[in-house]
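Chemist: Prediction below, plus the sequence it came from.
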Amino acid sequence: MSGSDLDVLVPQPQVVDLAGQRLAISPLVLGELPAMLKAVQPFAQRLAGEPDWLALLSDHGDALLTALAIASRQPREWVDALALDDAITLAATVFEVNADFFVRRIAPKVGDLARRLNGRLAGLTPSPA
């Protein structure tokens, strides 16, 4: 088994220097998923492709900052104090390291749920007389 094969099985953390601190960002673990799912639920569909981090911050700032704190394993106060460029770097790194979680698991599930709910709501809407 080569080193790249092992990296697929056991992803290596991505190291990033932010606010005078070196962080090793690694994929989320099972115990972090409930809080992360709750945090990203308001904006999960907007994570496909290349997310517009400034728009997400504007529209869903509190949820995004909570998600960044969970994924970086840093206190929310630390995340809140980041300079904007550091926050964008952190968001991009977290997204890259956890892309499988966000793109393949979360965004499609949110889309499927929305379609099911829309179908149910359409069935509950009275038809015009």
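Modeler: Looks like it arrived, so ask away. For clarity, every value in this text was computed on a predicted model and none was experimentally measured. Numbering: from 1, shown residues only.
Chemist: Pull the residues that contact stretch 86-105.
Modeler: For stretch 86-105, contacts defined as Cβ atoms under 8 Å, 6 or more residues apart in numbering pick out 11, 13-14, 16, 18-19, 23, 25-28, 36, 40, 44, 47-48, 51, 53-54, 56-57, 64, 67-68, 71-72, 79, 82. Using the backbone N, CA and C atoms, a C-beta is placed for each residue, glycine as well.
Chemist: Mind giving me the ChimeraX select for these, buried ones only?
Modeler: Selection of the buried residues among the contacts of stretch 86-105 in ChimeraX, burial being defined by 16 or more other Cβ atoms under 10 Å:
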select :16,18,23,25,27,28,36,40,44,47,51,53,56,57,64,67,68,71,72,79,82
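Chemist: In strands, which of the contacts of stretch 86-105 fall?
Modeler: Gln14, Val16, Leu18, Leu23, Ile25 (DSSP state E).
Chemist: Max pairwise distance over those: which two?
Modeler: The span of these, defined through Cβ to Cβ, is set by Gln14 and Leu18 at 11.9 Å.
Chemist: for the spatially closest residue to Ala24 that is not a sequence neighbour, what are its contacts?
Modeler: Excluding its sequence neighbours, the residue lying closest to Ala24 (Cβ to Cβ, 6 or more residues apart in numbering) is Pro13, at 3.8 Å. Residues near Pro13 by Cβ under 8 Å, 6+ apart: Ala24, Ile25, Ser26, Val97.
Chemist: Would you check how far apart the residue lying closest to the third one once chain neighbours are set aside and Leu28 are?
Modeler: Spelled out, it's Ser26. Counting by Cβ to Cβ, 6+ apart, Ser26 lies nearest to Pro13, which is 4.0 Å off, once chain neighbours are set aside. Using Cβ to Cβ, to the nearest Å, Pro13 is found at 12 Å from Leu28.
Chemist: What of Leu18?
Modeler: Distance from Leu18 to Leu28, by Cβ to Cβ: 18 Å.
Chemist: phi, psi of Glu50?
Modeler: phi -100, psi 100 (degrees, to the nearest 10).
Chemist: typed the wrong thing, it's Ala81
Modeler: Dihedral pair for Ala81: phi -90, psi 0, per degrees, to the nearest 10.
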